[in-house]
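Participant: Please find the sequence and the predicted model below.
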Amino acid sequence: MSFRFNAVSSVKGGGATMDGEAAGIDGEDPFAQLREVFAGRQALLLEDDPALSDHVAERLLRAGFQAVERVDSGEAALAAATAPFDILILDRLTAGLDGLETLKRIRAGGGPCADAPALMLTALGGERQKVEGLLGGADDYLSKPVGDEELLARIAAQLRRAARRAAPVGGDLVNGPFRLSFGARTLKFGAAGASRLIDLSPLEFAIVCELMTARGQPVTKTMLWDRCWVEWRFLPDNFVNIIDARISALRRRLKEQAPELGEDLHPLIVSARSQSLIFRDLSAWAG
């Protein structure tokens, strides 16, 4: 069974934040910036729980997606995937063809969705199941239940990565006076006609990479843990405290090495709501 929801059937009270929380830089909600990432996008959602399917589709449309094609079986997802979608969101436990086998067939079929980013959204959250999902073609794997903030941030990250894969290779990322070089694994700060290296540990560089490549959009702490603390095989109960301590130290290091930015722009890494972080957009900084 398949249903298509589009942005015309929008959610009432669109001015509110996703979870009713106030947050942002200078009074703005950073998650509102995701509308630019999601504008015109179409998602294929495989979920056989009607309530959850309604909820996810509603959140995506409210966040800026143009349309969400909802299906409740793997067979219906395969039929729908003959049309192009910007992202696939798939449950694993579905009647008939499960989500993982569905994804494998979409990837192998060579159709318009063969290379689309895919996010598994499932109750099967064990390490073995996650590995199976990622090896089976998923680009990200989320265990239910998951908050709206985490889901939207993960989807935005996959869309950004897909855009980078389609872009020319080898360019540095520039944010105001900062130049991030992925190949050389360096961060440089330029001011008054001179440029200097910012001294960062490998972990600190990984954190800065994740935050700067988000281009002013929020990165959740769970995402940051998954991508930067790669030597950990599990998510410890105190992972937020570990991240907060590292971010606090990184803020101090950046302030010490880029004092020209002044007190108004430090800290460079700021909180977005309670569980997300943003590297400030410095494109307007004139030195």
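Facilitator: Okay, I see it.
Participant: All the strands of the stretch 1-150 of the chain, residue numbers only.
Facilitator: 2-6, 42-46, 67-71, 87-90, 118-122, 140-143 (DSSP state E, counting those that start in this stretch).
Participant: May I have the strands that pair with the third one, each with its orientation?
Facilitator: Applying DSSP bridges to the sheet, strand 67-71 is found paired with strand 2-6 (antiparallel), strand 42-46 (parallel).
Participant: hang on, the earlier thing: comparing the strands of the stretch 1-150 of the chain, which yields the minimum mean pLDDT?
Facilitator: For those, mean pLDDT drops lowest on strand 2-6, to a mean of 61.
Participant: Arg251: neighbouring residues, count only.
Facilitator: 15 (other CB atoms under 10 Å). Using the backbone N, CA and C atoms, a C-beta is placed for each residue, glycine as well.
Participant: Give me the pLDDT for it.
Facilitator: pLDDT, Arg251: 96.
Participant: quick one: the helices in the stretch 101-250 of the chain?
Facilitator: With DSSP state H, counting those that start in this stretch, the ranges of helices along the stretch 101-250 of the chain come out as 127-135, 148-166, 202-213, 221-228, 239-257.
Participant: least reliable of the ones you listed going by mean pLDDT?
Facilitator: Minimum mean pLDDT among the helices of the stretch 101-250 of the chain: helix 148-166, a mean of 83.
Participant: any idea how far it is from the chain center?
Facilitator: 4 Å (CA atoms, centre = their mean, to the nearest Å).
Participant: how about that helix: buried residues?
Facilitator: 148-160, 162 (16 or more other CB atoms under 10 Å).
Participant: returning to that earlier point: could you export the strands of the stretch 1-150 of the chain to CSV, including columns for distance to Thr102?
Facilitator: Shown next, in CSV, are the strands of the stretch 1-150 of the chain (distance: least, CB to CB, whole Å):
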stretch, distance to Thr102
strand 2-6, 13
strand 42-46, 7
strand 67-71, 9
strand 87-90, 6
strand 118-122, 10
strand 140-143, 15
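Participant: give me the low-pLDDT residue ranges for the stretch 1-150 of the chain?
Facilitator: 1-30 (pLDDT under 70).
Participant: one more time with 90
Facilitator: Applying pLDDT under 90 to the stretch 1-150 of the chain flags the ranges 1-37, 39-40, 93-96, 109-110, 123-136, 143-149.
Participant: Tell me the one of the buried residues of helix 148-166 nearest Leu103?
Facilitator: Nearest to Leu103 among the buried residues of helix 148-166: Gln158, at 13.6 Å, using CB to CB.
Participant: Could you tell me how far Arg280 is located from Ala95?
Facilitator: 47 Å (CB to CB, to the nearest Å).
Participant: Comparing those two, which residue is more hemmed in?
Facilitator: Each of Arg280 and Ala95 has its neighbours counted (other CB under 10 Å); Arg280 has more, 20 against 10.
Participant: Leaving out sequence neighbours, find the closest residue to the more buried one.
Facilitator: Leu268 (5.2 Å; CB to CB, 6 or more residues apart in numbering).
Participant: Just give me the neighbour total for the one you found.
Facilitator: 21.
Participant: Next, the contact list for the closest residue to Glu204 other than its chain neighbours, please.
Facilitator: Spatially, and ignoring its direct neighbours in sequence, Glu204 is nearest to Leu250 (5.2 Å; CB to CB, 6+ apart). Taking CB atoms under 8 Å, 6 or more residues apart in numbering, we find Leu250 in contact with 200, 204, 207-208, 269.
Participant: how much space is there between Leu250 and Phe38?
Facilitator: 29 Å.
Participant: related to what we said a few turns ago, list the contacts for the residue nearest to Arg280?
Facilitator: 251, 254-255, 258, 261, 279-280, 282.
Participant: how does it look with 10 Å?
Facilitator: 175-176, 178, 208, 211-212, 250-251, 254-255, 258, 261, 278-280, 282 (CB atoms under 10 Å, 6 or more residues apart in numbering).
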